[in-house]
Structure formats: structure tokens, C-alpha cells
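Visitor: could you work out the structure for the sequence below:
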Amino acid sequence: MPLESGDKDHAYQRFSRSEWAGLRAAVPLPLSEMELDRLRGINESISLEEVKTIYLPLSRLLNLYVHAKQHRGDVLERFLGRKPSLGPYIISVAGSVAVGKSTTARILQALLQRWPEHPQVELVTTDGFLYPLKDLKQRNLLGRKGFPESYDMRLLLDFVRRVKSGEMAEAPIYSHLSYDRINGATQKIHCPDILILEGLNVLQSSIDYPHWRQRPFVSDFVDFSIYVDADEALLKQWYVERFLRFRDGSFRDPNSYFHHYAQLTASEAEKTACKIWDEINGPNLRDNVAPTRERADLILSKGDAHRIEQIQLRG
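Guide: Reported below is the predicted structural model:
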């Protein structure tokens, strides 16, 4: 039986790792250690045991949801005498910078596309919908990159609407090396079985954009939403550790937007990373990202070493 929920999380059923693992129901592990290594983030050490315990039960749950929606949609379309809808099942993955939501999304994609009912699973990150650097500079938003106002929400909404309608849609591709969209490069999406949409703000709604109150939002098109959670102290620690890894890696590339950080000493780099967190990522987390947590259908709460310690499923 799941753990009892407290008043704050009364809408959720809470599960320990062992309780959640018991819901796997003999779903086989389709990933090898080599495949998992390609899916891990730069500062994460997710194991095959974590995949078995957390992600296989989740892939089973999502497979059941997708199957139920496909069947329900077929029944309704048959009743109404219409052709079946071509729109995909959309899953959103939200959470803070450095929480590991990209790795979560990649693992889910790898697992879900192994199910025969939905072999085509696309993954799109909302980073590509950030305004280009030149626009952010013109709008005086460079220091608020990642905040809601730094995204071209109309472009993102149009993309999701097209995908949901079964139309061809294109998502801009983002380069973490240049810290900008790649000019003219897009990811073409057409009638996938499942679309995984990963980003900081994919759970936001009209509450967060009062001036857009009459418009639909990305969250309105999402069928199942996931929030990857952790204490802010851990998030800051992971961000600093990742920054130091980048300093010794991609920042050394002369083409990197952050190449100047490669010259910092370890102490200087740590101070710089802490400053960026305290001035940008931390406030964005507290003001914009964390408040959307309770809108998720599923909350994955992490402890040390990115290990998921508790799962909360909306009842």
C-alpha cells in the first residue's frame, strides 16, 4: 500500500522506492549499461538499478495511459463518424536547472519507444524556444534567461498546437555551446505516438501569465505531466558541480559562449557558479518553477546523488 499523504499533498498518493518498484509487474529492462551511459547527464550517475526501480514502473504506467487514451479516442471518433485523431500523447517533464529533467526525459523516451503500441517517441526541449541572444539583449532579458519572459511563448504554443492537431511542426534547435538557437536548424515533428516536452516552465498556466488569461497554454495540451524535484540546497550543489565539470570540458572550446570561464581557478569558478545560482537560477526556481510543482500528475523527489527517494502520483 502507498504511504499516506499529508494535508499539503492530499491530492497525491505517495510511494517509497520499494513500493513503487513493486509496480513494475515484470516489465523487462530493455537498456544496457552502454545505452544508459549515453543517456546520463554530465553530472549524474544514474544506475540500471534506478531504471529498474523507478523508470520501468513509470513506463508501464504511461503505457497504460497511452493505451487507454488511444482506445477512448477510437471509440469517440467511431461514434461521431470521424477519422481517428492523429495527435500524439504529450508528456511534459518540468523541474529546476540541474535537477536532471533532461536525463529523465531521455530515459523515458528510450523506454517508451520499446513498447510495441507506441514505437515513435519524440523528445523536444523548450530551450529552443528561448528568444535568440540578440533579442534577449534588445529586451534587456539576458540576465533573466530561463525566466518565463525569456521564452517565445507564442512560438512554443503554436508548435504544440500543431503537433496535437497531427500537423507537421518544427521546433528550433538550441546549442548549449553557443548559448543560442542554431540559425535555420529545426527538429521536424510529424505524428509521433508520444511527444515528450521537457523544460523549466512547461507546467505554467494562465495564473503565471495574467495578461494572456484568455489564451490556451502549453499545459492545456499536455496529457501527463512530471515534475522532477529536489531540495534547493542539493540543486545548487549540483549546479556548481556541473559548472565545474563544464569548466574543465566544453568551456575550453574556443567556440563556447562561456569560454572565458575556462580561465577561472577552481575557487573562482565555484564562486561564479554560486553567484549565477543566487542571482538567476535560485530566484527563477522559487518564483516561477517550484510553484508549478503541485500541478504535476507525478512528482519524482530526489535525494543525494540524484537518487529518487519518493514518488507522488496524483490520485
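Visitor: for the stretch 101-250 of the chain, just list every one of the helices.
Guide: 101-112, 133-138, 153-164, 232-247 (DSSP state H, counting those that start in this stretch).
Visitor: give me whichever of those helices is most buried.
Guide: Counting by mean count of other CB atoms under 10 Å, helix 101-112 has the highest mean neighbour count of the helices of the stretch 101-250 of the chain, with a mean of 22. No exception for glycine: its C-beta is placed from N, CA and C like everyone else's.
Visitor: could you list the low-pLDDT ranges of this structure?
Guide: 1-10, 42-43, 73-78, 82-86, 206-215 (pLDDT under 70).
Visitor: which residues of it fall in strands?
Guide: Secondary structure of the chain, counting by DSSP state E: strands at 12-16, 89-95, 121-125, 169-175, 180-189, 194-198, 224-229, 298-302, 308-314.
Visitor: direction included, what does the longest one pair up with?
Guide: Note on strand 180-189: by DSSP bridges, its sheet partners are strand 169-175 (antiparallel).
Visitor: same check, this time on the last one
Guide: Paired with strand 308-314 in the same sheet, following DSSP bridges, are strand 12-16 (antiparallel), strand 298-302 (antiparallel).
Visitor: could you dump these to a markdown table with mean neighbour count and distance to P254?
Guide: Converted to a markdown table, those look like this (neighbours: other CB atoms under 10 Å; distance: least, CB to CB, whole Å):
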| stretch | mean neighbour count | distance to P254 |
| --- | --- | --- |
| strand 12-16 | 17 | 48 |
| strand 298-302 | 21 | 35 |
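Visitor: to D287, which of those lies closest?
Guide: strand 298-302 (19.1 Å; CB to CB).
Visitor: give me the contacts around that closest one.
Guide: For strand 298-302, contacts defined as CB atoms under 8 Å, 6 or more residues apart in numbering pick out 12, 54, 58, 99-100, 104, 224-230, 234, 293, 308-314.
Visitor: same thing but at 10 Å, please
Guide: If you take CB atoms under 10 Å, 6 or more residues apart in numbering as the criterion, strand 298-302 is touched by 9, 12, 14, 20, 54-55, 58, 61-62, 91, 93-95, 99-101, 104, 224-231, 234-235, 238, 293, 308-314.
Visitor: and stretch 23-31, what's buried?
Guide: In terms of neighbour count (16 or more other CB atoms under 10 Å), stretch 23-31 has its buried residues at L23, R24, V27, L31.
Visitor: what's the separation between the second one and R247?
Guide: Looking back up the chat, that one is R24. 39 Å (CB to CB, to the nearest Å).
Visitor: list the contacts for the residue sitting furthest away from the middle of the chain?
Guide: Farthest-out residue of the chain from its mean C-alpha position, per CA atoms, centre = their mean: G81, at 36.4 Å. Contact analysis of G81 by CB under 10 Å, 6+ apart lists nothing.
Visitor: same question, G146
Guide: Here G146 is in contact with 96-97, 127, 130, 199-201, 280-281, 284-285, 288-289 (CB under 10 Å, 6+ apart).
Visitor: and those, which is closest to R114?
Guide: Nearest to R114 among those, with distances taken as CB to CB, is G199, at 24.3 Å.
Visitor: what sits against the residue lying closest to the closest one once chain neighbours are set aside?
Guide: The shortest distance from G199 to any non-neighbouring residue, by CB to CB, 6 or more residues apart in numbering, is to T126 (2.9 Å). Listed by CB under 10 Å, 6+ apart, the contact set of T126 reads 92, 94, 151-153, 156, 159-160, 171-172, 174, 197-202, 218.
Visitor: so who does I276 touch?
Guide: Counting by CB under 10 Å, 6+ apart, I276 touches V97, G143, Y239, V240, F243, G282.
Visitor: whoops, V121 was the one
Guide: 66, 88-89, 91, 108-115, 192-196.
Visitor: equivalent analysis for F221, please.
Guide: G87, I90, S92, L157, V160, R161, V163, K164, S165, L195, L197 are the contacts of F221 under CB under 10 Å, 6+ apart.
Visitor: distance of the closest residue to the third one other than its chain neighbours from Q263?
Guide: The reference is to S92. Spatial nearest neighbour of S92, excluding adjacent residues (CB to CB, 6+ apart): V202 at 4.1 Å. The gap separating V202 from Q263 is 36 Å, by CB to CB.
Visitor: which one's more surrounded, those two?
Guide: More crowded of V202 and Q263, by other CB atoms under 10 Å: V202, with 27 against 11.
Visitor: I'd guessed the more buried one sits against V93; true?
Guide: Yes: at 7.3 Å, V202 counts as touching V93 under the criterion of CB atoms under 10 Å.
Visitor: tell me the contacts of the spatially closest residue to H190 that is not a sequence neighbour?
Guide: Closest residue to H190 apart from its sequence neighbours, by CB to CB, 6+ apart: M168 at 4.6 Å. Contact partners of M168, counting by CB under 10 Å, 6+ apart, are R162, K188, I189, H190, C191.
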